[in-house]
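J.: Please find the sequence and the predicted model below.
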Amino acid sequence: GVTSYLSLSFDPNTANKFVVVYRDDSNTDDGTAVVGTISGTSISFGSEVVYNTANTQYNDIAFDPNTANKFVVVYKDIGNGAYGTARVGTVSGTSISYGSEYVFLSDTVYYIAITFDPNTANKFVVAYADSGNSYSGTAIVGTVSGTTISFGSEYVFNNAQISDIAVSFDPNTAGNFIVTYRDEVNSQYGIAIVGTVSGTTISFSSEYIFNSAETGYTSVSFDPNTARDFVVAYK
């Protein structure tokens, strides 16, 4: 069927296992996840498991590298005020069970991205555009306990409208992550910024332009074998 807002994450603790999340446009736009298993060059899938029975947008997923079989999915829940929402998923074989939904932004959210800190168990960061604050670039720390999620305060990294957000932790540098995005106010340039987490507090570096032209669809990933090196791809 027709799908949109897709995202994929491998379970670093379980060989050949990943989860795809997406909006199932053929099933009332529900937020849906499915477990995939790789064997050689073949992929098999389990059953679809809905995590949000409403129009679901900007889905993103990240596995906790310190807790086997556990991931967090973040999304825009149109059925609940278009709020930014997160939920813990637990994989068992090819089945998925979910904890409760937890709202991280009680306002309309756009361009959501999530990354787990590989150096701190149960800790992740969500970055997004906050429509209630002029679509400013915003980040928040989340902490998982079982299937419960708690959030710290919000921290703004760009006070003007941004879009096309991506985020990634540096596995070799504790507490450090990169956010990339399009700065709508600064000629739609591609921008990167370093974030540093301490507890549930986030501090940010200066902004750095990586593309002095109209930029879209940013994606960023760190090299796990070389500290501080990352690649950003974009249109």
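T.: Looks like it arrived, so ask away. Numbering: from 1, shown residues only.

J.: Buried residues, stretch 129-139. List them.
T.: Residues of stretch 129-139 classed as buried by neighbour count (16 or more other CB atoms under 10 Å): 129, 130, 135, 136, 137, 138, 139. In this view, the C-beta of every residue, glycine as well, is placed from N, C-alpha and C.

J.: Make a markdown table out of those residues and add distance to residue 86, secondary structure and pLDDT.
T.: Shown next, in a markdown table, are the buried residues of stretch 129-139 (distance: CB to CB, whole Å; DSSP: H, G, I helix; E, B strand; the rest coil; pLDDT from 0 to 100):
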| residue | distance to residue 86 | secondary structure | pLDDT |
| --- | --- | --- | --- |
| 129 | 16 | strand | 98 |
| 130 | 15 | strand | 98 |
| 135 | 20 | coil | 97 |
| 136 | 19 | strand | 98 |
| 137 | 18 | strand | 98 |
| 138 | 14 | strand | 98 |
| 139 | 13 | strand | 98 |
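
J.: give me phi/psi at residue 230?
T.: phi -140, psi 170 (degrees, to the nearest 10).

J.: And for residue 132?
T.: Torsion angles, degrees, to the nearest 10, at residue 132: phi -80, psi -10.

J.: Hmm, residue 108 and it touching each other?
T.: Yes: at 7.0 Å, residue 132 counts as touching residue 108 under the criterion of CB atoms under 8 Å.

J.: show me what contacts residue 190?
T.: By CB atoms under 8 Å, 6 or more residues apart in numbering, the residues touching residue 190 are 180, 181, 182, 183, 209, 210, 211, 213, 215, 218, 232, 234.
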